[in-house]
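>>> sequence plus the predicted model coming up.
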Amino acid sequence: MQKREAIDVLENHLKPFDMMIEKFQPINVTVEEFNKILKEMGYKKNIRSNKNMDFKVKLGNSNNAALFVSVCSSFEPYIDYKIGRYTVDAKSIMGVLSTSLDKVATVIINTDDEHIIKSFKKILIYG
């Protein structure tokens, strides 16, 4: 009886996991590390690695930070704002303001959609 129940769970209840894993973007581990964890758990498929676009930005003051967060919030993909070893959600005004605005940060757009990347860069560069 337990084997039949286990097979039922594997065949009928893990399919949503397959659907979710395609859109999942690990935040505190690399895609490679996450795939290794999945394999250790017995999951046979790898998640795909998005082509993340990253570039440097220096906000300088809180007004620029507010404009930056506003621009980031208008895009659907996850956007990270990274300074040193700290990474915050670029759509969070509190997160961005909690960093040193006078330092150069790395902005990472988690998408492989070239149209979104070009639009994002155009808005940030040209306002």
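Looks like it arrived, so ask away. A quick note: this is a predicted structure, and the numbers were derived from the prediction, not measured.
>>> quick one: the strands in this protein?
Along the chain, the stretches classed as strands by DSSP state E are 53-57, 79-83, 86-89, 105-109.
>>> how far does the shortest one sit from the chain's center?
On the basis of C-alpha atoms, centre = their mean, to the nearest Å, strand 86-89 sits 10 Å off its chain's mean C-alpha point.
>>> what do you get for the first one?
On the basis of C-alpha atoms, centre = their mean, strand 53-57 sits 14 Å off its chain's mean C-alpha point.
>>> and it, what other elements does it pack with?
With contacts defined as 3 or more C-beta pairs under 8 Å, 6 or more residues apart in numbering; DSSP states H and E, strand 53-57 has these neighbours: strand 105-109, helix 114-126. Quick note: C-beta positions are derived from backbone N, CA and C, even for glycine.
>>> can you list contacts of that strand?
Phe68, Val104, Ala105, Thr106, Val107, Ile108, Ile109, Thr111, Ile117, Lys121, Leu124 (C-beta atoms under 8 Å, 6 or more residues apart in numbering).
>>> circling back: nearest to Ile37, out of the strands of the chain?
strand 86-89 (19.4 Å; C-beta to C-beta).
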